[in-house]
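Q: Sequence and predicted model, in that order:
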Amino acid sequence: MSHGKQFTLYTHKGGPNGWKAALVLEELGLTYEPVFLDFNSGEHKAPPYLKINPNGRIPAIIDHKNNDFIVWESNALIQYLVDKYDTGRKVSVAPGTDAYYTQLQWLYFQASGQGPYFGQAAWFMVYHPEKVPSAVERYVNETKRVLGVLEGELSKREFLVGDKATIADFVFIPWNDGALHFLLKDADVDTEFPAVAKWHKKLLARPAIAKVWAERAEAQQAK
């Protein structure tokens with residue numbers, strides 16, 4: 001593979017976590033080549049990819065300007081990107097500050113709370129071979145609980161950390177999009193979670209994020 005761009009991003013057209021990485025790469029103006037893995041053929045579990053990410057999940061990045069350094073786990077690679085390349089703190093806060101640990105707090109909450117619960121809700125609603133109403137109810141309720149945590153914070157402030165949009169906000173976008181438009185499609189989210197809905201729309205209006213979101217739509221429509 002020719003490395004005309006700084007990063008190779010191993011991702012998936014539908015996988016929310018890969019789009020989290022793309023959002024941050026674009027916000028930082030870092031060049032990258034996306035490689036969309038075919039989950040149906042098990043490409044993410046095949047030996048060539050397992051050499052990159054032994055966990056067999058997406059995303060993973062290779063930084064070709066840093067001796068082909070590999071990072072996997074979405075929020076770890078996002079932290080790598082800002083620690084190494086956001087020296088001007090455009091979309092992050094300085095390491096060692098109190099705000100830095102608040103930023104980490106939200107990254108961890110997204111990875112341990114939002115992603116798994118929203119993902120399980122989608123699994124039991126769509127992919128599980130048997131209908132398990134109690135499981136759907138549990139994970140939809142957890143989805144609402146997580147949104148409620150965000151609602152509580154965002155009703156008091158514009159962004160999760162400080163007075164600007166940061167990676168702490170960006171990492172929630174792909175999963176929240178799935179919740180607002182699919183998992184909770186029968187709910188009135190603008191009424192139930194007005195601060196979250198406003199925040200989400202504001203983030204999607206950012207030029208870099210709008211660009212990635214258009215690329216996402218194009219990729220998901222392509223066969």
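A: Nice, I can see it. Numbering: from 1, shown residues only.

Q: After the helix or strand that contains Thr143, which helix or strand is next? Please name it.
A: Using DSSP states H and E, Thr143 maps to helix 133-154. Later in the chain than helix 133-154, the nearest helix or strand by DSSP H and E is helix 167-170.

Q: what does that following helix contact?
A: 20, 23-24, 27, 78-79, 82, 91-92, 102-103, 106-107, 159-161, 199, 203, 209 (CB atoms under 8 Å, 6 or more residues apart in numbering). C-beta here means a position set from N, CA and C on the backbone, and glycine is covered the same way.

Q: give me that answer again for 6 Å
A: Leu23, Val24, Ile78, Val82, Val91, Ser92, Gln103, Trp106, Phe159, Leu160, Val161, Leu203 (CB atoms under 6 Å, 6 or more residues apart in numbering).

Q: Whichever helix or strand comes after it: how far from the chain's middle?
A: Next in sequence after helix 167-170, counting helices and strands by DSSP H and E, comes helix 173-178. Averaging C-alpha positions (CA atoms, centre = their mean, to the nearest Å) puts helix 173-178 8 Å from its chain's average.

Q: Give me the contact list for helix 173-178.
A: In contact with helix 173-178 (CB under 6 Å, 6+ apart) are residues Pro16, Trp19, Lys20, Gln114, Gly115, Phe118, His200, Leu203.
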